[in-house]
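**Student:** missing the sequence, but the structure's below:
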Ligand SMILES: Nc1nc2c([nH]c(=O)n2[C@H]2C[C@H](O)[C@@H](COP(=O)(O)OP(=O)(O)OP(=O)(O)O)O2)c(=O)[nH]1
């Protein structure tokens, strides 16, 4: 199983950041929470901080892990760990993704998000409704 971390980043309007995978990445053009694979001997928090810096040139502080989603794709199984993060510095620059968008939680269903992320969104709805 591949361990993947993704960042849940909210802006001042309460909207969440999603990024669109490029044509060069697997799952091309799908939307996701930015993040990536955890490397050997790396903590989840170190991995998300590194990935967000590499992908978006933003410095984030990881605050809290949410429920992990295990997801089977046709060719691989991943364990996706969503982590609530706050932006500390930097201006968003797309180093790897095609596009980004800030959306309210209820608007996320309109996007073509990755399978595992649909479950993350459902869990988030529960977190934000309570
Ligand atoms: N980054 C990210 N990947 C996700 C999410 N949901 C989901 O199923 N995935 C899948 C897509 C990929 O198969 C895998 C993450 O791989 P990746 O390609 O983004 O990670 P990476 O930058 O470390 O990859 P690599 O090119 O260095 O191998 O997890 C998500 O919300 N964010």
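**Tutor:** Cool, the structure landed. Predicted model, so just to flag it, every value in this text is computed and none were measured.
**Student:** Pull up the per-residue confidence for the residue of the chain found nearest the ligand.
**Tutor:** Per CB to the nearest ligand atom, residue 36 is where the chain lies closest to the ligand, at 3.0 Å. All C-beta spots, glycine's among them, are computed from the backbone N, C-alpha and C. Note on residue 36: pLDDT of 98.
**Student:** How about the secondary structure of the nearest residue to it once chain neighbours are set aside?
**Tutor:** Nearest non-adjacent residue to residue 36, counting by CB to CB, 6 or more residues apart in numbering: residue 51, 4.2 Å away. Secondary structure, DSSP: H, G, I helix; E, B strand; the rest coil: residue 51 is helix.
**Student:** Tell me how far the residue of the chain closest to the ligand lies from residue 28.
**Tutor:** The spacing between residue 36 and residue 28, counted by CB to CB, to the nearest Å, is 16 Å.
**Student:** Can you name every helix or strand that the helix or strand bottoming out on mean pLDDT in the chain contacts?
**Tutor:** Each helix and strand of the chain was given a mean pLDDT (mean pLDDT, DSSP states H and E); the minimum falls on helix 115-129 at a mean of 90. Using 3 or more CB pairs under 8 Å, 6 or more residues apart in numbering; DSSP states H and E, the elements in contact with helix 115-129 are strand 2-9, strand 69-72, strand 77-90.
**Student:** out of the ones you listed, deepest packed?
**Tutor:** When you average the neighbours per residue for each of those (mean count of other CB atoms under 10 Å), strand 2-9 leads with a mean of 22.
**Student:** Just want the angle from that one to helix 115-129.
**Tutor:** Angle of strand 2-9 versus helix 115-129, following axes from the mean of the first three to the mean of the last three CA atoms, to 10 degrees, is 40 degrees.
**Student:** Let the chain start at 17 from now.
**Tutor:** All right, first residue 17 from here; so that's strand 18-25.
**Student:** Report the distance from strand 18-25 to the chain centre.
**Tutor:** Centroid separation between strand 18-25 and its chain, computed with CA atoms, centre = their mean, to the nearest Å, is 5 Å.
**Student:** do that strand and the ligand meet?
**Tutor:** Yes: Strand 18-25 reaches the ligand (CB under 6 Å from any ligand atom) through 20, 22.
**Student:** in its sheet, what does that strand sit against?
**Tutor:** Here strand 18-25 is paired, per DSSP bridges, with strand 51-53 (antiparallel), strand 93-106 (parallel).
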